[in-house]
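Participant: Got a sequence here, can you model it:
(chains A, B, C and D)
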Number of protein chains: 2
Amino acid sequence: MQRQTRTTPRKRPRQTRSKVTVGTILEATSRVLVKQGFDGLSTNAVAAAAGVSIGSLYQYFPNKEALVAALIDRHMEEMNAAVLAELTRVAQLPIAEAARCVVELTIRAHAIDPDLHRVLTEQVPRIGKLARLREVDEICHRMVAGLLAARRDEIAIRDPDLAAFILVSTIEAVVHRAALLYPHRLRDPRLVDETTLLVTRYLGVAEN
Amino acid sequence: MQRQTRTTPRKRPRQTRSKVTVGTILEATSRVLVKQGFDGLSTNAVAAAAGVSIGSLYQYFPNKEALVAALIDRHMEEMNAAVLAELTRVAQLPIAEAARCVVELTIRAHAIDPDLHRVLTEQVPRIGKLARLREVDEICHRMVAGLLAARRDEIAIRDPDLAAFILVSTIEAVVHRAALLYPHRLRDPRLVDETTLLVTRYLGVAEN
DNA sequence: CTAAAATGCGAGCGATCGCTCACATTGTCT
DNA sequence: AGACAATGTGAGCGATCGCTCGCATTTTAG
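Facilitator: Next comes the predicted model:
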C-alpha cells in the first residue's frame, strides 16, 4: 500500500491573519526538521512548535509530507532564481572567467542555510519531488547547453547537450559533496581553483 | 529527542538454522524496501514477508534501522570490493586507458541491483551510516590519490589529494546522476567517452 | 449591525507500529 | 537419554501519530 499522498495545499490562505499562520507553520517546520530530522517531524510537533492548533495546520496542509514539500518548493525557488540570474549575467564573460563565476556561485548557493539544505536534500526522494528537482535541473542544464552552443567555436566539445550534462553534474557534485562530507574543503580556496581548472581544461580553453 | 538508535546486531547466529533465518530476513527486508519504500517498511511487514516470527527477527536485529544498516553494510562491502580489486588491476595501464576502465567500472557497479541501490542511497543519511560511507569513500579517495602521486610526472596536476577528491566526486556523480535521473544517458556509449575525456583533459594526458 | 464566511481551536478516535515476554520447539553435548 | 542452550513463536501492550470534527472566535461584506 504505497502512500501516494497528495502534497498540494488543501486551502489557500485569504486573509492576512491566515497567511501569517501559514508562514509561522513553515518556519516551525524548518526548525523541527533541522533539529529533529524527518522522523522526529510530526504534525503535532510542528503545530506545537509553531504555537498553532493542530486543526489550523490541517486547514492548509493535508499531511506531513505537504509541509516538507512546501519547504522544498520554496527553497528550490530561491536557489534557482539566484543561479539563473547569475547565469545570464555571466554569459558575456570570457569562458574561463564564466566558469569560475559559476563555481563560486554554486558554492555560495550551498552556503545559504546549509543545515536545512542538507535535510531537504535527503528528503527530496521521499516526498516525490524528484520530478520537480529534475525540472529545475533541466532548466540549468539547457541554460548551460545554450551557453556552450553559442560559443561552440571557442571550445573543444562536440555535443553541447552532453557536455552540459557533464558540467552541471560535475560542479554540483563537487560542491555538494564537499558541503556534506568534507566541509573543510569548502573553506579551502584551492577548491574553486581546481574545479575551475577541471572545467576549463575540459572545454579546452586556457586559464588566464 | 533524537533517536540515536543502535544498529549493531543483538545476537550473532551460531547454528546454521539461525544463519538461514537471518539471511531470509535480510532478503525480505530488501524486497519490502524496494517495493514499499522505507516508510512502508515495518518490522512486522518484514517478518511476515520473510515467513518468520516477529520474535525471531528481534533476536538478531534490535530495531528496524538495524535491518537497513545491515543491508547497507553488505551492499557497500560488495561494491567496495569490486571497485578496489579493479583499481589495483588498473594501476599498471596507461592513464587514458585506466581512466576509461574506472568509468566503465563505476557504471557497472551501479548496474547491480539498481533499485536496491537507489533506495539504500536515499536512506543512508537517515540510518547514521554517513560516517561509514565516508570511510569507504576515503579508501577510494586515497587509492586514487596514490595512483596519481605515483604517476605525477605523467600528469598535469599539483596536488594529488585534491585532484583525487575532484575525480572521485566527478565520476561518481556523473554516473550516479545518470542512473537516478537520466537512465537513457547510461545506455548512451558516448557517456563513457565524454566522461573519460573529462578526466584525461583534466589530467593533461592525451586520449589515444 | 448582522449574517455569513474565514479562521482558529484541541480533545480524542482509530490505526499502526515497535517491541516484549512467556512459552514451544529444535539442536548440541556428554 | 537427559540436560541445557539455541532458536522460533505470536498475542498483545503501550506509545505514537495522523487526522477529524464540532465548536469558538475573528474578519468581511452588505
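Participant: Angles on the backbone of residue A:61, please.
Facilitator: For residue A:61, the backbone dihedrals (degrees, to the nearest 10) come out as phi -130, psi 120.
Participant: Look up the closest residue to it, ignoring the ones flanking it.
Facilitator: Leaving aside its chain neighbours, residue A:61 sits nearest to residue A:67 (5.3 Å; criterion: CB to CB, 6 or more residues apart in numbering or on different chains). Backbone N, C-alpha and C define where each C-beta goes, glycine included.
Participant: before we move on, what about residue A:110?
Facilitator: Nearest residue to residue A:110, sequence neighbours excluded (CB to CB, 6+ apart): residue A:179, at 4.7 Å.
Participant: So which residue is smack in the middle of chain A?
Facilitator: residue A:76 (4.5 Å; CA atoms, centre = their mean).
Participant: Tell me, how many residues neighbour the residue nearest to residue A:110?
Facilitator: 20 (other CB atoms under 10 Å in any protein chain shown).
Participant: How about the residues of chain A by chain B?
Facilitator: By CB under 8 Å from any CB of the partner chain, the residues of chain A that approach chain B are A:1-3, A:36-40, A:122, A:125-126, A:130, A:133-134, A:137, A:159, A:162-163, A:165-166, A:169-170, A:172-174, A:176-178, A:181-182, A:185, A:190-191, A:194-195, A:197-198, A:201-202, A:204.
Participant: low-scoring stretches of chain A, by residue?
Facilitator: Applying pLDDT under 70 to chain A flags residues A:1-6, A:9, A:208.
Participant: Taking it, what residue is nearest to chain B?
Facilitator: Residue nearest to chain B within chain A: residue A:173 (2.9 Å; CB to the nearest CB).
Participant: For PyMOL, write the select line for the buried members of the residues of chain A next to chain B.
Facilitator: Selection of buried members from the residues of chain A next to chain B for PyMOL, criterion 16 or more other CB atoms under 10 Å in any protein chain shown:
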select buried, chain A and resi 36+37+38+122+125+126+133+137+162+163+165+166+169+170+172+173+174+176+177+178+181+182+185+191+194+195+197+198+201+202
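Participant: My guess is the residue nearest to the centre of chain A contacts residue A:134. True?
Facilitator: No. Contact criterion CB atoms under 8 Å: residue A:76 and residue A:134 do not qualify, at 11.2 Å.
Participant: Whether the one helix or strand residue A:49 maps to contacts DNA strand D - can you check?
Facilitator: Using DSSP states H and E, the element containing residue A:49 is helix A:43-50. Yes. Using CB under 7 Å from any atom of the strand, helix A:43-50 reaches DNA strand D at A:43, A:44, A:45.
Participant: The strand or helix carrying residue A:178 packs against which elements?
Facilitator: Element membership for residue A:178 (DSSP H and E) is helix A:160-181. Packing partners of helix A:160-181 (3 or more CB pairs under 8 Å, 6 or more residues apart in numbering or on different chains; DSSP states H and E): helix A:95-110, helix A:114-127, helix A:130-150, helix A:183-186, helix A:189-203, helix B:130-150, helix B:160-180, helix B:190-203.
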